[in-house]
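*Asks:* next one to model:
(3 chains)
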Amino acid sequence: MKLIFEKSVPGRRGVKPPISDVPSSAALDKKLLREKPATLPELGELDVVRHFTELSRRNFGVDTNFYPLGSCTMKYNPKVTELVASSPNFTSLHPLLPQIPTGDKLTQGALQVLYEMDSLLREITGMAAFSMQPMAGAHGELTGIMIISAYHKAKGNVKDTILIPDSAHGTNPASASIGGYHVKTIPSNENGYMDMDALKEALHDHVAGLMLTCPDTLGIFNPRIKEICDLVHSVDGLVYYDGANLNAIVGKARPSDFGFDIVHLNLHKTFATPHGAGGPGSGPVGVVQKLVDFLPISVVVKKKDGTFSLEYDRPKTIGYIAPFYGNFAIILRAYAYILMLGRIGLERVSENAVLNANYIKEKLKPYFDLPYPQLCKHECVFSASRQNQYGVHALDIAKGLIDAGFHPPTIYFPLIVKEALMIEPTETESKETIDAFIDAMIELAKVAETEPEKLKAAPLTSPVGRLDETAAARNPNLACLR
Amino acid sequence: MFPKECRYAETHEWARPEKEANIVTVGITGFAVEQLGDIVYLELPKVGAKVQKGSSLGMVESVKATSELYAPVSGEVAEVNSDISNNLEIFKSDPYGKAWLLKIKASDKKELDSLMDAETYEKQLEGH
Amino acid sequence: MPFIANTDQQRKEMLAELGLTMEGLFADIPKQLRCKPLNLPQPLSEQQLREHMTALGAKNSAGLTYFLGGGFYDHFIPAAVDAITSRSEFYTAYTPYQPEISQGTLQAIYEYQSTICRLTEMEVANASLYDGGTAIYEAVTMAIQVTGRNKVIIDDSVNPIYRVMLESYTRNLRIDHERTQNTDGLTNHRQICSNIDEHTAAVVVQNPNFFGFADDFTDIAHAAHEKGALLIVSCYPISLGILKTPGSMGADIVTGEGQSLGLPLSFGGPYLGIIASREKYVRKMPGRLVGQTTDNRGQRGFVLTLQTREQHIRRDKATSNICTNESLCALRALVYLTLLGKEGLRETAQLCADKASYAFKRLTAIPSVKPRFNSKNFFNEFVVELPKPTGQIIPKMLEQGIAAGFPLSKYYKNMENSLLVAVTEKNTKQQIDKLAQILEACL
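*Replies:* Modelled structure (predicted):
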């Protein structure tokens, strides 16, 4: 398929702005102007629409295929949330309005959404207050790390290390490192739980905190979670909850009860906002009472007369994490989703997510190695190790699934499982879809044994076949400039 | 399996003393190449750079990982392989020959003794 | 239950196959860690939800005429942008880690990267960052990694919100911030050039700057390069329809806010962080990069590349921690730019500049309203000095349905009467005339 630049025809016009209706021309010095216009393509509107429509048809999405990517929570994105978020009553609002005198009167609906979202997330997690500013989960993590630093600095503590399990998502150590901390990795034991001896050994006075997700990236809930948090608290460390896996426990348990001090949520995971082919997301951060003063500013407050406004007077704040209030249109979608589900709906989310994952685990157990056989939560992790004897790897299973019409699960993560296949069905998938996926996986296990070359050649039905990633990295071609 | 003229670091570099006084040629072992997969980019030190045994010399980047390169001996970088970046495929076929990375003028050739010999290195890898 | 597919009967069957009860599925959570039923409102049906959201929306004023900018602008968004980006094959897809079934996303991002390079005249651009402010922070981090130095010079004519963000992010890192002060609203070339030394990692400037002035930073680029430092320019993409590019000035890294490229104002987000640089810094670039390659059938295709820089591989040594970015927003920007095309963007930028020039003339024709600064080289924003504090005037204008501008006193000293007025191609002559008329009446 051609690049859009290759479809350009000199002189062709798409959307034209109106003719100027003012008598003036700008007085800019010629030397401040560009010599030639930017070499943007010249296309008609139909050209553009066809090009992108064709591109869209080369994608898998949740709306087109089962997408069991572990750790990503690819649940259905309700269309009503798209509709409400597209209302001009929200999309047209300039973010500076509540910052100019009396401007907040004109954005009461938007401020109310932010305020109520704070309340809803507090109730769901048990945290004392939230900031909606972080624009993604990793952004939330960095915010959390900054709050940890501010807390210790205010107390005069000398802390330089963050503890992170070996099963953690890569953003955890990246965030800690960028926040200026040294990262110490805590191993998991042979049952998939954190090695408590290693944890105790690592807990010295210089430990600022521990970052954890629960259930962990193996999909396993650690029943000693409270003990872990208590241990970290004993050295005046703070415990950070990576909320990526909240779908497993929402409505059933709250991170505050486990002992977590800081929480981030992924609205684009648990709260059904679309993944957008990589973003935008939203990663609100919640904290316990002793950390509330450190949250980013501005803060949305409700005044005595019931109206909402922004407050900046927080002397201990870590500052501005985002230019404004966070990814508002994403927050709006998640707000609508939570209101539609209510308490009972959220409980059913985790119940069905966990049921679907355990169902897959049991049915695929005979065919793929299952490193950790105990009850899982919303995701299960298999290994393609058994298939290695035929020369077949997790990658080949994944490519084979594509030909069967399914998006592959997450592969090669978490790092502590060789040939990992991490499957997260979510609650929005039906038994029929899951049964079809299970059948496809069983078939692949057979094919791996009898005709492995077939899997090595897969995918065959996709728009392109396997791509040469080595060539792409050796001679990077990252832009078409002519 | 591993050339006997070379000594081996735990971090999978090989070091080969040359006939010229104090010159040690450095590269990465066949095991490292296998683990890394297709190598796509190298970050190597400049000629004249002073290095300490165990310190970072640069990086070897593959499609799926980036690995630090550590100095097996202390000294000064005498020569850097200028052809290799155009010929990264050579790691697979000739990791101890044409895929040499740099030559160090060693300040203390005795440091080679603390590295593993071919047999010890091979034994050590059996754990992997 | 909305969005949950399985029926009670199906659940029963599945539980029976597992030999478990629903309670049994949560037996791994200790009873004392289970929470009471959440105190959340009763669920709303779709109809009730829409009524609720309509009522909330009605509490906002959607019909304002905007002369309010400050880095975020009310531009025209062609209908095809929404039509294309609301195709669910784009927005319900994930990050393209399985390239064979993500060529839509991957090719679009490659085209976006290319378009940003063409716009800024830089060599490589990434697949997006969160916004223009975090983009500056990431650019500063890049410069620090490249040079091994830790001093940053930043002019106060760079967006104050971005400067506060940069200070917040780097508070705990050993980075030396040096602030230079604008001279009569213009970036302070002299002070910047004289402050650059062998400890400087980067200089950060903005074009047009926060007061609206267009500039040429070629001299600063030279001064920086002479001392081994990098020049970072934060830009306003629409202005690049007519303004000299940071690439041609010699910038090493270009950042920007892509909101003006087909993204609604949306009360603060999602926005689009732009970052582009010279090719030699590509391995220090944060975030995702899409590269071209071939497949096993001999076809051209696209993949995420140079991934070993990123968090999912490099972990604590990653160039950045970014994972989820603003991919769909980048798609909007690409569609916007291809719909407007070469001539459309140029015309849009020219309209902004011409209308701003007209608005400036009309407003400064009011006897008590003066230009705050001397230069006439503003793009689509300018500062007027009112005879009264902006705090008194802005509310009166809002009552008339006009957001007249931004009160600079919020971020700058001695500017209580200074108003930053922005004009885009959406502002008609009637709106501008009305602005002048009502402002005069309010004074």
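*Asks:* residues in contact with the residue positioned nearest the centre of chain B?
*Replies:* Centroid-nearest residue in chain B: B:G27, 2.4 Å away (criterion: C-alpha atoms, centre = their mean). Counting by C-beta atoms under 8 Å, 6 or more residues apart in numbering or on different chains, B:G27 makes contact with B:13-14, B:95-96, B:99-101. (C-beta placed from N, C-alpha, C; glycine too.)
*Asks:* may I see the buried residues of the helix or strand hosting it?
*Replies:* B:G27 is part of strand B:23-28, with elements assigned from DSSP states H and E. With burial defined by 16 or more other C-beta atoms under 10 Å in any protein chain shown, the residues of strand B:23-28 counted as buried are B:23-28.
*Asks:* chain C: which of those residues is nearest?
*Replies:* Lowest distance from chain C to those (C-beta to the nearest C-beta) belongs to B:I28, with 15.8 Å.
*Asks:* determine how far stretch B:32-50 lies from the middle of the whole chain.
*Replies:* 8 Å (C-alpha atoms, centre = their mean, to the nearest Å).
*Asks:* again, but for stretch A:310-327
*Replies:* Worked out by C-alpha atoms, centre = their mean, stretch A:310-327 lies 22 Å from the chain centre.
*Asks:* swap in stretch A:24-40?
*Replies:* 41 Å.
*Asks:* related to what we said a few turns ago, show me what the helix or strand following the strand holding B:G27 is packed up against.
*Replies:* On the C-terminal side of strand B:23-28, the nearest following helix or strand under DSSP H and E is helix B:30-36. Judged by 3 or more C-beta pairs under 8 Å, 6 or more residues apart in numbering or on different chains; DSSP states H and E, the packing partners of helix B:30-36 are strand B:56-62.
*Asks:* could you report the neighbour count for residue 41?
*Replies:* Assuming you mean chain A. Neighbour count of A:P41, defined by other C-beta atoms under 10 Å in any protein chain shown: 24.
*Asks:* was after chain B, sorry
*Replies:* Around B:Y41 there are 18 residues (other C-beta under 10 Å).
*Asks:* which ones among the contacts of B:G27 are found in helices?
*Replies:* Using DSSP state H, no member of the contacts of B:G27 falls in helices.
*Asks:* may I see those residues organised as TSV, with distance to B:S114 added?
*Replies:* Listed next are the contacts of B:G27 as TSV, based on distance: C-beta to C-beta, whole Å:
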residue	distance to B:S114
B:E13	13
B:W14	14
B:P95	22
B:Y96	20
B:A99	24
B:W100	21
B:L101	20
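*Asks:* okay if I get the residues you listed as JSON lines plus distance to chain A and neighbour count?
*Replies:* Listed next are these as JSON lines, based on distance: C-beta to the nearest C-beta, whole Å; neighbours: other C-beta atoms under 10 Å in any protein chain shown:
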{"residue": "B:E13", "distance to chain A": "22", "neighbour count": "23"}
{"residue": "B:W14", "distance to chain A": "23", "neighbour count": "28"}
{"residue": "B:P95", "distance to chain A": "17", "neighbour count": "21"}
{"residue": "B:Y96", "distance to chain A": "22", "neighbour count": "17"}
{"residue": "B:A99", "distance to chain A": "15", "neighbour count": "22"}
{"residue": "B:W100", "distance to chain A": "19", "neighbour count": "21"}
{"residue": "B:L101", "distance to chain A": "17", "neighbour count": "22"}
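*Asks:* of those residues, which are in range of chain C?
*Replies:* Counting by C-beta under 8 Å from any C-beta of the partner chain, nothing from the contacts of B:G27 sits close to chain C.
*Asks:* coming back round to it: quickly list what the residue nearest to the centre of chain B is bridged to.
*Replies:* B:W14 (DSSP bridges).
*Asks:* now do the same contact list for A:G70.
*Replies:* Taking C-beta under 8 Å, 6+ apart, we find A:G70 in contact with A:217, A:219, A:379, A:381, A:409-410, A:413, A:422-424.
*Asks:* wait, I meant C:T319
*Replies:* C:141-142, C:145, C:283-286, C:309-310.
*Asks:* in this structure C:Y358 contacts A:V22, no?
*Replies:* Yes: the pair C:Y358 / A:V22 is scored as a contact, 3.9 Å apart, by C-beta atoms under 8 Å.
*Asks:* point out where the stretch 201-350 of chain C drops to low pLDDT.
*Replies:* For the stretch 201-350 of chain C, the stretches with pLDDT under 70 are C:311.
*Asks:* now the stretch 101-250 of chain C against chain A: closest residue?
*Replies:* Closest point on the stretch 101-250 of chain C to chain A, by C-beta to the nearest C-beta, is C:S168, at 2.8 Å.
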